[in-house]
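[1] Give the three-dimensional model of this entry:
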Amino acid sequence: MKFFRFLYRSFLKVYQGCFKLAKDKRKLLFLLIPATIILISWIFRDVNIILSLLADDLMALPLIITLYIIGTPKGTYRWERAMKKWGIFGEKNEIPRLIHSVKDVENPNIIHNTFVKPNGLTKDRFIKYEMALEEELNITIKNIEYAKFGYGKNKQKIVVTSIPAELDMPMIISLNNDKLSDMLCKHWCVVGHTGSGKSYAISVLLGKIIKSTNENIEITIADFKNSFKQFENTGNYFSFDKSELGIKKFYNEFMELVSGEKPLDNKIRVLFVDELNTTLDTLSAQGKEGIARAAELKKSIASILAMGRSFGCFLWIGMQAAYSDFFNHGARDNFGCILGLGELSKEQKSMLFKGYEDKLNEINGVGEGFCLIKGKGVERVKIEPIEDKDALNDIIRQAMCH
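    Have a look, this model is predicted:
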């Protein structure tokens with residue numbers, strides 16, 4: 001009994017030593033084999049046993065190496081070298097360990113790399129070296145997410161979404177880009193200064209969602225500055241001082257769906273509010289009554305943003321600057337897509353694209369910018385020129401005449 005206890009303790013000590021030497025646990029396999037041979041030879045002191053074990057292990061070595069290579073995710077060593085170079089370590093000088101890389105379903109060029117997070121490595125520290133990793137690995141990092149999944153002490157993971165730098169082309173917003181279809185049934189906030197291409201972009205997005213839903217859609221436009229006056233003869237166009245009425249009409253119909261007064265159907269309903277900030281500022285300048293009306297509008301907008309998606313009702317807002325003053329607390333966080341066109345101020349970048357400011361460094365022309373897609377990160381975008389504006393306007397007009 002004492003012999004077996006001694007044997008167990010000896011094995012335990014040897015393997016604990018291997019664990020300490022092999023900081024990367026994938027290298028354990030190559031340490032455990034010779035350690036086991038040495039331990040057994042020391043216990044039995046039999047040369048024949050040693051030679052037999054060595055012969056068996058040498059025969060198994062090609063299989064072990066093959067399994068090791070197969071089990072090592074592609075790009076592991078490149079990531080490891082880059083992280084060691086820039087000092088991306090946890091508390092015990094451990095680097096994040098790549099466990100698998102998966103291609104994105106929609107865009108195979110995009111790779112989701114999952115790492116085991118070492119203790120003490122904060123997200124801020126990882127993001128600090130994001131640009132250095134991009135340059136070192138010749139990639140563009142789209143998103144960095146800290147998550148918990150799996151079992152045991154290694155359930156904390158870092159998911160880095162990347163794409164080769166040479167394939168990082170702008171996403172084209174056009175009537176023919178079918179990849180946009182899944183993005184459209186969300187709440188949208190489109191920001192940009194005058195002349196950045198906001199109205200142009202909204203027209204393309206409206207045309208695309210109409211095509212994607214096979215025209216089973218109803219569009220309402222509240223247009224304070226008359227930027228979309230080509231639709232003034234439709235039933236769902238509300239210009240200037242009537243824009244408040246258009247928002248109320250849409251909200252009342254939305255509440256009828258929520259309450260059950262109106263049965264749910266498969267129809268998509270979109271309310272586009274152009275220059276919401278100007279509408280609210282104008283109301284607030286009209287004394288107590290105007291301030292109360294502005295507050296009521298903000299409350300209605302917050303309700304649509306919070307619950308609209310469940311009832312097929314979506315809010316699209318266009319404005320020069322989406323300051324928090326124009327939204328009830330937390331309402332702005334419910335936008336599924338934020339499209340920033342033209343040159344955005346530092347304040348706008350930090351408010352709307354928090355955590356991605358360093359990526360918004362390209363110079364944008366008219367119809368160019370960035371789109372923050374909730375849960376996917378930031379994409380550089382470009383609005384494709386419209387070949388036939390009249391045909392597009394006719395498509396939108398029909399969806400507004402329901």
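
[2] what packs against the host helix or strand of residue 135?
    Taking DSSP states H and E as the criterion, residue 135 maps to helix 130-137. Judged by 3 or more Cβ pairs under 8 Å, 6 or more residues apart in numbering; DSSP states H and E, helix 130-137 is in contact with helix 76-85, strand 139-148. Where C-beta positions appear, they are placed from N, C-alpha and C, glycine not excepted.

[3] mind checking which of these is nearest residue 162?
    strand 139-148 (4.4 Å; Cβ to Cβ).

[4] then that closest one to PDB, C-alphas only?
    Below are the C-alpha coordinates for strand 139-148, written out as PDB (Å, rounded to 0.1, in the frame of the first residue of the first chain):
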ATOM      1  CA  ILE A 139      -6.100  42.600 -40.400                       C
ATOM      2  CA  THR A 140      -9.000  44.900 -39.600                       C
ATOM      3  CA  ILE A 141     -10.600  44.200 -36.200                       C
ATOM      4  CA  LYS A 142     -14.300  44.700 -36.400                       C
ATOM      5  CA  ASN A 143     -15.300  43.900 -32.900                       C
ATOM      6  CA  ILE A 144     -13.900  42.800 -29.500                       C
ATOM      7  CA  GLU A 145     -16.300  41.100 -27.100                       C
ATOM      8  CA  TYR A 146     -15.800  39.700 -23.700                       C
ATOM      9  CA  ALA A 147     -18.200  36.800 -23.000                       C
ATOM     10  CA  LYS A 148     -18.800  33.900 -20.700                       C
END
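
[5] Give me the contacts around it.
    If you take Cβ atoms under 8 Å, 6 or more residues apart in numbering as the criterion, strand 139-148 is touched by 110, 117, 123, 126-127, 130, 133-134, 155-165, 168, 376-379.

[6] Pretty sure residue 210 sits against residue 394.
    No. Counting by Cβ atoms under 8 Å, residue 210 sits too far from residue 394 to count as a contact (10.6 Å).

[7] In terms of packing, which of the two has more residues around it?
    Between residue 210 and residue 394, counted using other Cβ atoms under 10 Å, residue 210 has the larger neighbour count: 23 against 12.

[8] Can I take it that the more buried one is in a strand?
    No. Residue 210: not assigned to a strand; according to DSSP: H, G, I helix; E, B strand; the rest coil it is helix.

[9] picking that back up, could you dump the helices and strands packed on helix 130-137 into JSON lines and include distance to residue 345, mean pLDDT and mean neighbour count?
    Shown next, in JSON lines, are these (distance: least, Cβ to Cβ, whole Å; pLDDT from 0 to 100; neighbours: other Cβ atoms under 10 Å):
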{"stretch": "helix 76-85", "distance to residue 345": "33", "mean pLDDT": "88", "mean neighbour count": "16"}
{"stretch": "strand 139-148", "distance to residue 345": "23", "mean pLDDT": "84", "mean neighbour count": "16"}
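
[10] Quick one: these as JSON lines, columns for distance to residue 180 too.
    Formatted as JSON lines, the helices and strands packed on helix 130-137 follow (distance: least, Cβ to Cβ, whole Å):
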{"stretch": "helix 76-85", "distance to residue 180": "32"}
{"stretch": "strand 139-148", "distance to residue 180": "17"}
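
[11] Of the ones you listed, which is nearest residue 290?
    Of all these, strand 139-148 comes closest under Cβ to Cβ, at 42.0 Å.

[12] Could you look up the next helix or strand downstream of the closest one?
    Beyond strand 139-148 toward the C-terminal end (DSSP H and E), the next one is strand 156-164.

[13] And that next one, what's buried?
    156-163 (16 or more other Cβ atoms under 10 Å).

[14] Could you export whatever helix or strand residue 205 lives in as PDB, CA atoms only?
    Secondary structure assignment for residue 205, by DSSP H and E: helix 198-212. Output in PDB follows, covering the C-alpha atoms of helix 198-212 (Å, rounded to 0.1, in the frame of the first residue of the first chain):
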ATOM      1  CA  LYS A 198     -28.600  61.800 -45.300                       C
ATOM      2  CA  SER A 199     -31.700  62.300 -47.500                       C
ATOM      3  CA  TYR A 200     -30.100  60.300 -50.300                       C
ATOM      4  CA  ALA A 201     -29.200  57.400 -48.000                       C
ATOM      5  CA  ILE A 202     -32.700  57.300 -46.400                       C
ATOM      6  CA  SER A 203     -34.300  57.200 -49.900                       C
ATOM      7  CA  VAL A 204     -32.100  54.200 -50.800                       C
ATOM      8  CA  LEU A 205     -32.900  52.400 -47.500                       C
ATOM      9  CA  LEU A 206     -36.600  53.000 -47.900                       C
ATOM     10  CA  GLY A 207     -36.500  51.700 -51.400                       C
ATOM     11  CA  LYS A 208     -34.600  48.600 -50.300                       C
ATOM     12  CA  ILE A 209     -36.900  47.700 -47.400                       C
ATOM     13  CA  ILE A 210     -39.900  48.000 -49.700                       C
ATOM     14  CA  LYS A 211     -38.300  45.600 -52.100                       C
ATOM     15  CA  SER A 212     -37.200  43.200 -49.300                       C
END
